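Trainee: one predicted model, sequence on top.
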Amino acid sequence: MYHDKKFSVVNPSKMCQPMGAVQALLGLKNAMPLIHGSQGCSTYMRFQLTRHFREPIEVASTSMNEKTVIYGGEYNLMKALKNITEKQSPSIIAVASSCLTETIGDDMAGIIRKFEDANIDRELPVIVPISTPSYTESHVEGYNRTIKALVENLVIPTAPNGKVNVITGFLSPADVGEVKNILNDLKLEGIILTDISKNLDAPLSESALNLYDGGTTVEQLEDTANSTGTIALSKHADSAGVFLEKKFGVNLISGPLPLGLENTDSFIRSACQLADLEIPESMERDRGRLMDAMVDAHSYNYHRKVAIFGDPDFVSAMTRFTSEMGMIPTVVCTGARSKRFTEDIDTISREKGCSPVTLAGGDLYDMHREIKRVRADILIGNSYGASIALEENIPLFRAGFPIFDRLGAQRISTLGYRGGIDFVDRLTNTILDFYYDEAGYEIVEEELEDVIIEDQEYAEEEM
Ligand code: SF4
């Protein structure tokens, strides 16, 4: 369902492109993201990311104002590049545009070249311009453009390296860690684009203002053209993979997100196929454990109605997974106006025999209206769903981004067989907490009436 005639958005289910760019850049080693725009943009992004990951987040700004909007942002961008280079000595500065600088048409690549020419005698970091016009698409597209810009600007084809590039998309650090664990289990070396697993779930440190010393390196980005293949976990963030395939013949497998049984099977098959590997026994065991968890949980989840919202790849993968668990997706909503998303949901609906209301380009207002109409027993999505869940008297299972009203978002793992087991346990326990009594027996209304009648009869006998 598209909303072609809608002129306003009420509680959006997406964020702006530079937000996706920054999250991708936080997975780089010794890198500084620089937003070419007004200061509020970088403040908003730092605030949103900090309250989700509970880590210090460094995002620089060219701090545009009324004057620079009229005369252009060249002076501010040159000055910001000079300050960052001198004060923080990063290996890479990635400059993402914003609504404002896209609208005035600043030539970021030209200004960066001018800065490099003026400093030809100095050792400069790699500087990459990324066009992220925030008034179109969403943070997912910002992420996509950023990975593509990094690869396009840095790649150096040399000799085959036998590695697999993995474009993760917008995941939690724990989920990126699980992707790395799976590659480890397969004894497969990967280049993770980009690796936030340690940077955004780091030990307590006194030097909070240092750039990250973990994450994907410039050398790894250069090496991506020499890999055996690329697996994009997000169908909406595979442009770097398309570029590598077209230009250097690096095979691309695009999606799905390895969330749930079938999607994880598909990811493992893709990785084994690219590297010509056998599926190891340990993995068969984890798969069996996930199936066991699903069977254990079945009696509690069977035919529960579920509404799901968030990023397109997450929502379609979660729709499939909850269907595999015997639940009934009734409303699925993403902020992106994505044909791939609606096609995915149509395929899942056909295969699983469900027919959810599908909102592509929808907002939380639309979703709430549909939940009122077709009902849901549980809502899966980020913290912005809390008020809807409260009004409908259903539980909110927090997943996605941002989660700011609970702790531990960086450690939530749903990917792979092991993350799937964790998800099944946590989702089922949420249902048990909300719909069942303390002994785990569902209190249905008829039983409740029987209990009341028995109590009344007992009270009368006592009188
Ligand atoms: S939507 Fe535009 S103005 Fe708002 S934070 Fe994003 S880039 Fe800045």
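Mentor: Arrived safely.
Trainee: where along the stretch 51-200 of the chain do the helices fall?
Mentor: Counting by DSSP state H, counting those that start in this stretch, the stretch 51-200 of the chain has helices at residues 66-71, 74-88, 99-104, 108-118, 139-154, 173-185.
Trainee: which other residues reach the last one?
Mentor: Residues from elsewhere that reach helix 173-185 (C-beta atoms under 8 Å, 6 or more residues apart in numbering): 27, 53, 164, 166, 168, 171, 189-190, 192, 195-201, 233, 258, 267-268, 271, 280, 282-283, 410-416, 418-419. Glycine gets a C-beta too; all of them are placed from N, C-alpha and C.
Trainee: ok, back up a step: select, out of the helices of the stretch 51-200 of the chain, the one closest to Pro312.
Mentor: Among the helices of the stretch 51-200 of the chain, the nearest to Pro312 by C-beta to C-beta is helix 139-154 (6.7 Å).
Trainee: that closest one - contacts with which helices or strands?
Mentor: The elements that helix 139-154 packs onto, with contact taken as 3 or more C-beta pairs under 8 Å, 6 or more residues apart in numbering; DSSP states H and E, are helix 17-25, strand 92-97, strand 126-130, strand 190-193, helix 218-223, helix 239-248.
Trainee: report the closest residue of the stretch 301-450 of the chain relative to the ligand.
Mentor: Using C-beta to the nearest ligand atom, the single residue of the stretch 301-450 of the chain nearest to the ligand is Gly335, 12.8 Å away.
Trainee: how far away from the center of its chain is stretch 400-417?
Mentor: 10 Å (C-alpha atoms, centre = their mean, to the nearest Å).
Trainee: before we move on, what about stretch 289-304?
Mentor: In this view, stretch 289-304 has its centroid 25 Å away from the chain centroid, taken as C-alpha atoms, centre = their mean.
Trainee: grab the CA positions of it and hand them over as PDB.
Mentor: C-alpha atoms of stretch 289-304 as PDB (Å, rounded to 0.1, in the frame of the first residue of the first chain):
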ATOM      1  CA  ARG A 289      18.600 -26.000  18.500                       C
ATOM      2  CA  LEU A 290      16.700 -23.200  16.900                       C
ATOM      3  CA  MET A 291      14.100 -25.600  15.600                       C
ATOM      4  CA  ASP A 292      13.800 -27.100  19.100                       C
ATOM      5  CA  ALA A 293      13.300 -23.600  20.600                       C
ATOM      6  CA  MET A 294      10.600 -22.900  18.000                       C
ATOM      7  CA  VAL A 295       8.800 -26.100  18.800                       C
ATOM      8  CA  ASP A 296       9.100 -25.500  22.500                       C
ATOM      9  CA  ALA A 297       7.600 -22.000  22.100                       C
ATOM     10  CA  HIS A 298       4.900 -23.000  19.600                       C
ATOM     11  CA  SER A 299       2.000 -23.500  22.000                       C
ATOM     12  CA  TYR A 300       2.400 -20.000  23.300                       C
ATOM     13  CA  ASN A 301       3.000 -18.200  20.000                       C
ATOM     14  CA  TYR A 302       0.700 -20.200  17.700                       C
ATOM     15  CA  HIS A 303      -1.700 -17.900  15.800                       C
ATOM     16  CA  ARG A 304      -0.800 -14.800  17.900                       C
END
